[in-house]
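Colleague: give the three-dimensional model of this entry:
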Amino acid sequence: MRFPTPLVPGRLIRRYNRFLADVTLDDGRAVTAHCPNPGAMLGLKAPGLRIWLEPNEDPKKKLKFGWRLAELPGGHMAGIDTSVPNRVVGEALKARAVPALAEYDRVRAEVAYGERSRVDFLATGAGRPDAYVEVKNVHLRRDGDWAEFPDSVTARGAKHLRELGAMAEAGHRAVMLYLVQRTDCARVRFAGDIDPAYAAAAAEAEARGVEMIAHGTTITTEGVWLGPALPVHL
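Modeller: Below you'll find the predicted structure:
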């Protein structure tokens, strides 16, 4: 997934009201940017952090910049935009580049299922069980090379796990795909201290037949792409 507009660098002043960030651009301008991330963003909102914004000229948008990336120690990067994982995974599924789902040749997004929900992707293929695929954005890192999910309480996420479990028990494939939007992690686990209910729901979902898979990402100022598979530890 390529950013449609070249990104511009700056330094974070503060992130507030969940969806706003004040930034000093490298050219000296102080701007307010849209922060497309409702989560806690632990470790990714420190004042002075070097970040990258996407400018826009859309007259309908009040804010002329959107926060896309954050630079991390050691030359690593993290993606901020929680809408990016679905775009990355959607492209990869259609290109049959997700090894666990490469046998499916048709992919549809936002298909109704479960309790008045829409699954992120429904993958189908002749002679194969339908695959219901939910995608979650992961960018919390607190210890070593562990990526953790979630970074805040998510009742909606637990609901998705229950609905995937029902699909698995009905004979379909049910896949929870965690996309790690940072380049300094090599494995994934659940942050049970942040949301014990989600961690319990994940263990129950796996017992019901839900497949837990994760992928890293390749992140540059030009875009974000699917990376290698990562192990998921319950």
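
Colleague: count the neighbours of the residue nearest to residue 23 when sequence neighbours are not counted for me.
Modeller: In space, and not counting its chain neighbours, residue 23 is closest to residue 10: 4.4 Å by CB to CB, 6 or more residues apart in numbering. Backbone N, C-alpha and C define where each C-beta goes, glycine included. The number of residues packed near residue 10 is 25, by other CB atoms under 10 Å.

Colleague: do I have it right that residue 10 meets residue 51?
Modeller: Yes: contact criterion CB atoms under 8 Å: residue 10 and residue 51 qualify, at 6.0 Å.

Colleague: okay, now the domains of the chain?
Modeller: Annotated domains of the chain cover 8-79, 84-233 [automatic domain parsing].

Colleague: okay if I get these as JSON lines plus distance to residue 2 and mean pLDDT?
Modeller: Formatted as JSON lines, those follow (distance: least, CB to CB, whole Å; pLDDT from 0 to 100):
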{"stretch": "domain 8-79", "distance to residue 2": "11", "mean pLDDT": "96"}
{"stretch": "domain 84-233", "distance to residue 2": "4", "mean pLDDT": "97"}
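
Colleague: any chance of those in TSV, plus distance to residue 1?
Modeller: As requested, these are exported to TSV (distance: least, CB to CB, whole Å):
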stretch	distance to residue 1
domain 8-79	10
domain 84-233	5
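
Colleague: can you tell me which of those is packed in deepest?
Modeller: Across these, the average number of neighbours (mean count of other CB atoms under 10 Å) peaks for domain 84-233, which reaches a mean of 18.

Colleague: span of it from start to end?
Modeller: Using CA to CA, to the nearest Å, the end-to-end distance of domain 84-233 comes to 24 Å.

Colleague: just how off-centre is it within its chain?
Modeller: 9 Å (CA atoms, centre = their mean, to the nearest Å).

Colleague: helices or strands up against the regular element (helix or strand) spanning residue 156?
Modeller: Under the criterion of DSSP states H and E, residue 156 resides in helix 155-169. Judged by 3 or more CB pairs under 8 Å, 6 or more residues apart in numbering; DSSP states H and E, the packing partners of helix 155-169 are strand 117-124, strand 131-138, strand 173-180, helix 196-207.

Colleague: what sits up against that helix?
Modeller: 113-115, 117, 119, 132, 134, 136, 150, 173-176, 195, 197-198, 201-202, 204-205, 208-210 (CB atoms under 8 Å, 6 or more residues apart in numbering).

Colleague: same check on stretch 221-234?
Modeller: Contact partners of stretch 221-234, identified using CB under 8 Å, 6+ apart, comprise 1-3, 6-7, 52, 69, 79, 84, 88-89, 91-92, 97-100, 147, 178-181, 183, 185-190, 202-203, 206, 212-218.

Colleague: thinking again about what came up before, list residues touching both of residue 10 and residue 51?
Modeller: Residues touching both residue 10 and residue 51 by CB under 8 Å, 6+ apart: residue 23.

Colleague: dump the helices and strands packed on helix 155-169 to TSV, plus distance to residue 43.
Modeller: Output for the helices and strands packed on helix 155-169, formatted as TSV (distance: least, CB to CB, whole Å):
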stretch	distance to residue 43
strand 117-124	26
strand 131-138	13
strand 173-180	14
helix 196-207	19
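
Colleague: no further queries at this time; thank you.
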